[in-house]
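Peer 1: Here is my input; please provide its structure:
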Amino acid sequence: MGIFSRTRDIVAANFTDLLDKAEDPAKMIRMIIMEMEETLVEVRASAARTIADQKEMRRQVSKLERIQEGWTEKAELALSKGREDLAKAALVEKRKAGDMADQLRVEIQVLDDGLRASEEDIAKLQARLRDARTRQNAIMSRIESAQNRSRLREMYAGPKVNEAFSRFDVLERRADMAEGQADALSLGAPAKTLEEEIAELRNEEAVDAELEALKAKLNPNKEG
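Peer 2: Numbers count the residues shown, from 1 in each chain. You can find the predicted model right below:
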């Protein structure tokens, strides 16, 4: 069973209330749009049949008008020949054709009124359909945004992230151990003796003296 029964129900419907009460707003708006599209097709099909009926009736009216003209000519001919009885009978037939034409004109007018109502219904349905599609886009955007937020929460707080950080912790622990081992190698190393430190000073003096000698050799004109 559809959400709406007729075009009037769709036009008068409060989409906000329908969506607020729906367990699945996205599904509800899809159903609303589908039913509105089906109703729009039906209204247009009905309007098309009305237009076709009007065209047929107008052809019949034109035909009846020609028939009336024909009976008028026959009545005139009968009178010209002195046959008033035949002329009267011809006018009776003319009247019958005229009455049928008048009845068809009334029906055409009724169809015109219905066609104008259908045109108004189509315009209203199209406006409501645009509104529904706009709401559908908004709802789908909200749903997509909510899903993205959920995925982000899972990404930041999910088991995969926790597992990755656990691995980082293990790697940091390994780095700490390597640094600790390197630092431990220097622990307990014997300190330099006084003689070793003096020997290093002498070596530094010798290197400095040799360096100055090289500079003097390379720049003989430079005053020392």
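
Peer 1: Can you name the next helix or strand after the host helix or strand of R58?
Peer 2: Using DSSP states H and E, R58 sits in helix 25-80. Scanning forward in sequence from helix 25-80 by DSSP H and E, the next helix or strand is helix 84-157.

Peer 1: which strands and helices sit next to that following helix?
Peer 2: helix 7-12, helix 15-21, helix 25-80 (3 or more C-beta pairs under 8 Å, 6 or more residues apart in numbering; DSSP states H and E). (Glycine included, C-beta is placed from N, CA and C.)

Peer 1: any idea which residue sits dead centre in the chain?
Peer 2: Within the chain, the residue whose C-alpha comes closest to the C-alpha centroid is N137; the distance, by C-alpha atoms, centre = their mean, is 4.2 Å.

Peer 1: Find the nearest non-adjacent residue to Q136, please.
Peer 2: I29 (4.7 Å; C-beta to C-beta, 6 or more residues apart in numbering).

Peer 1: What is the least confident helix or strand in this protein?
Peer 2: Lowest by mean pLDDT, DSSP states H and E among the helices and strands of the chain is helix 159-185, with a mean of 68.

Peer 1: Please parse the chain into its domains.
Peer 2: For the chain, automatic domain parsing gives the domain ranges 7-159, 194-224.

Peer 1: Nearest to A178, out of these?
Peer 2: Shortest distance between A178 and these, using C-beta to C-beta, is found for domain 7-159: 29.0 Å.

Peer 1: Provide the backbone phi and psi angles at T193.
Peer 2: phi -80, psi 170 (degrees, to the nearest 10).

Peer 1: Could you do D24 as well?
Peer 2: According to degrees, to the nearest 10, D24 has phi -130, psi 90.
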